[in-house]
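1. Need a 3D model of the sequence below.
(2 chains)
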Number of protein chains: 2
Amino acid sequence: MMVQTIFEQIQLKKSFLCLGLDPDLEKMPAHLVNSSQEPLFDFCKTIVDHVQHLCVAVKINTAFFEAYGVQGYVALEKLIQYIKSHYPELFTIADAKRGDIGNTSLRYAKAFFETMPFDAITIAPYMGKDSVEPFLTYKDKHAILLALTSNEGATDFQLETKNSDSLYKQVLTKSQTWNNAKQLMYVVGATKAEHLAEIRKLVPDAFLLVPGVGAQGGSLEEVFLHGANENIGLLVNSSRGILYAGNDEDFAEAALKAANELQQQMENLLR
Amino acid sequence: MMVQTIFEQIQLKKSFLCLGLDPDLEKMPAHLVNSSQEPLFDFCKTIVDHVQHLCVAVKINTAFFEAYGVQGYVALEKLIQYIKSHYPELFTIADAKRGDIGNTSLRYAKAFFETMPFDAITIAPYMGKDSVEPFLTYKDKHAILLALTSNEGATDFQLETKNSDSLYKQVLTKSQTWNNAKQLMYVVGATKAEHLAEIRKLVPDAFLLVPGVGAQGGSLEEVFLHGANENIGLLVNSSRGILYAGNDEDFAEAALKAANELQQQMENLLR
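-> Residues are numbered from 1 along each chain as shown, chains lettered A, B, ... in the order given. Next up is the predicted model:
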């Protein structure tokens, strides 16, 4: 998907919401887990069907499927195929945190861009240029590099300095010199909003995938104030806040309500 | 598996060889690809059956299975189950380069340590402590952190300095302070053997997983000279050099010959 299309969807839907799908059998409504043959797929499908008009992107967290082995993998493939065929306007992200030497990254690119039709995949940039570029050889597909993540461990290496640029700034700056860098996006946690203004100086045009609003405590207003660019350039993710807004028969309506509140906040900011 | 067991196997087999399984349909013998219903599994099983007595560890590269979708994932599960039940003395590594925020890393740990019975998994340490510790809560299971990798891109961030310790040294030093750090191992490329002496000062006791001998040009002698400790502390990986030593009906014998040569070199070094 072209970046321009994402921007058009943001304008159309008055939303820059990314729906995060982290399906957890222990948090899902018990009636669904007990009655469904395919609870991972059925739960995610129901949520997507109810909130797709309020979001512009969907991020599928692969770990929550891999944990269930082959059965989980079947659900993962079925889910991305379902979303792609029913809601082709949604930007689809495999939140998979992959990245390896070139010939291995090529295989991951094949897995997520050919075998499954994702538009983008999240990548840990630790192994550098040749671990990322294989993903960028696919036209209109995107690699979303971890830059400054929302978790506590972000201070261990990403924010470490010792008289030099911190690692996350090195990742932003250096990756912009790589081949097809226009297809790069970056993960920046909402809990690190104070760094967003500086990040925007380094990557003025790139889309940022922003987790950490809601359960992790980040502020949507702060993110928008410091992170928005001419094309908005933000995909703010909410996973648990929508998925588990309710956990009985009304879970889909509760999810709709939670997504609607976020979309309303976004519409106000977009004015 | 306990580290002591790995050391005992090294002494018994006079080898510190790790067999890397990166099955590639385009490089496998054509007769096998054409005749087998499960070429990924059958190819890997045949190689393992032929060379298992010469190695102490097996490293399965998950990307080469994920590239083929559900079918690949079925082969991956079948392969690790086969190896674990037939050769329980082999140390099994999922070369998966995972790592995410804590509640997601927990799911990956479940996938690779419970759903599949691997002994260890490779992890990209970019997200820090809370992305790694979930893997270390499993008794006798191991997280193998990327430290200094064998590829060109290692110079992008891992070896970057600017008046401070390079990133890979920060990873080694800081990770040793984490909970259950005794279950950590590290990836150090054979192509970076000149750094091994310094690495040994920082992590004297840890096992190092060393790719890059063979196709990538690293020297086994250099690795042993600078990297071995009292428990040897090295698992030197060979993938393509063994898997694709031959590509016709004799591929298993060619693999055996290639693995045998490496084991012989190791036996000489261990004297």
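
2. was I right about A:M2 contacting A:H142?
-> No: here A:M2 does not reach A:H142: they are 9.9 Å apart, not a contact under C-beta atoms under 8 Å. No exception for glycine: its C-beta is placed from N, CA and C like everyone else's.

3. pLDDT below threshold where in the stretch 151-271 of chain A?
-> Low-confidence segments of the stretch 151-271 of chain A, defined by pLDDT under 70: A:162-163.

4. picking up where we left off before, more neighbours: A:M2 and A:H142, which one.
-> Ranked by neighbour count (other C-beta atoms under 10 Å in any protein chain shown), A:M2 and A:H142 place A:H142 first, with 29 against 13.

5. Which residue, other than its chain neighbours, is closest to the more buried one?
-> A:A120 (3.8 Å; C-beta to C-beta, 6 or more residues apart in numbering or on different chains).

6. quick one: the helices in the stretch 1-150 of chain A?
-> For the stretch 1-150 of chain A, the helices defined by DSSP state H, counting those that start in this stretch occupy A:3-13, A:30-35, A:39-51, A:63-66, A:69-86, A:102-109, A:129-136.

7. Take those and write them to TSV, including mean neighbour count, mean pLDDT and distance to chain B.
-> Below are these laid out as TSV (neighbours: other C-beta atoms under 10 Å in any protein chain shown; pLDDT from 0 to 100; distance: least, C-beta to the nearest C-beta, whole Å):
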stretch	mean neighbour count	mean pLDDT	distance to chain B
helix A:3-13	16	97	24
helix A:30-35	12	94	17
helix A:39-51	21	98	12
helix A:63-66	25	98	4
helix A:69-86	18	98	4
helix A:102-109	21	97	4
helix A:129-136	23	98	4
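
8. Could you dump those helices into TSV and include distance to A:A206?
-> Below are those laid out as TSV (distance: least, C-beta to C-beta, whole Å):
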stretch	distance to A:A206
helix A:3-13	9
helix A:30-35	38
helix A:39-51	26
helix A:63-66	25
helix A:69-86	24
helix A:102-109	20
helix A:129-136	13
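
9. buried residues in stretch A:181-199?
-> A:181, A:183-193, A:195-196, A:199 (16 or more other C-beta atoms under 10 Å in any protein chain shown).

10. elements contacting the longest helix along chain A?
-> Taking DSSP state H as the criterion, chain A has its longest helix at helix A:251-270. Contact here means 3 or more C-beta pairs under 8 Å, 6 or more residues apart in numbering or on different chains; DSSP states H and E; on that basis helix A:251-270 packs against strand A:17-21, helix A:39-51, helix A:220-227, strand A:234-238, helix A:240-243.

11. Surely the residue nearest to A:H142 touches A:L145?
-> No: contact criterion C-beta under 8 Å: A:A120 and A:L145 do not qualify, at 10.9 Å.

12. got any residues that touch both of those two?
-> A:M185 (C-beta atoms under 8 Å, 6 or more residues apart in numbering or on different chains).

13. Could you check how far the residue nearest to A:E253 when sequence neighbours are not counted is from chain B?
-> Spatially, and ignoring its direct neighbours in sequence, A:E253 is nearest to A:G246 (7.0 Å; C-beta to C-beta, 6+ apart). Here A:G246 is placed at a distance of 20 Å from chain B (C-beta to the nearest C-beta, to the nearest Å).

14. Now do A:G246: how many residues are near it, please.
-> A:G246, neighbours per other C-beta under 10 Å, totals 16.

15. can I assume it is in contact with A:I47?
-> No: counting by C-beta under 8 Å, A:G246 does not reach A:I47; the two are 10.9 Å apart.

16. Wasn't A:K182 part of a helix?
-> Yes: secondary structure of A:K182 (DSSP: H, G, I helix; E, B strand; the rest coil): part of a helix.

17. ok, it - contacts?
-> Per C-beta under 8 Å, 6+ apart, neighbours of A:K182: A:3, A:205.

18. Now for A:Q52, how many residues are close by?
-> Quick note: A:Q52 (other C-beta under 10 Å) scores 18 neighbours.

19. what about the closest residue to it other than its chain neighbours, distance to chain B?
-> Spatially, and ignoring its direct neighbours in sequence, A:Q52 is nearest to A:Y87 (5.0 Å; C-beta to C-beta, 6+ apart). Distance, A:Y87 to chain B, by C-beta to the nearest C-beta: 21 Å.

20. and A:Y87, what does it touch?
-> A:48, A:52, A:58.

21. Would you format the helices and strands packed on helix A:251-270 as JSON lines with distance to A:Q263 included?
-> Output for those, formatted as JSON lines (distance: least, C-beta to C-beta, whole Å):
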{"stretch": "strand A:17-21", "distance to A:Q263": "6"}
{"stretch": "helix A:39-51", "distance to A:Q263": "9"}
{"stretch": "helix A:220-227", "distance to A:Q263": "11"}
{"stretch": "strand A:234-238", "distance to A:Q263": "10"}
{"stretch": "helix A:240-243", "distance to A:Q263": "11"}
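
22. among these, which is nearest B:I242?
-> helix A:39-51 (37.3 Å; C-beta to C-beta).

23. hang on, the earlier thing: relative to helix A:220-227, how tilted is the longest helix of chain A?
-> 40 degrees (axes from the mean of the first three to the mean of the last three C-alpha atoms, to 10 degrees).

24. touching chain B at all, stretch A:196-204?
-> No: with C-beta under 8 Å from any C-beta of the partner chain as the criterion, chain B is not reached by stretch A:196-204; the gap is at least 15.2 Å.

25. what does that stretch rub up against?
-> A:147-148, A:169, A:172-173, A:176, A:186, A:188, A:208, A:222-223, A:226-227, A:229.

26. Give me the buried subset of the residues you listed.
-> Buried among those (16+ other C-beta under 10 Å): A:147-148, A:169, A:172, A:186, A:188, A:208, A:222-223, A:226-227.

27. Noted, bye for now.
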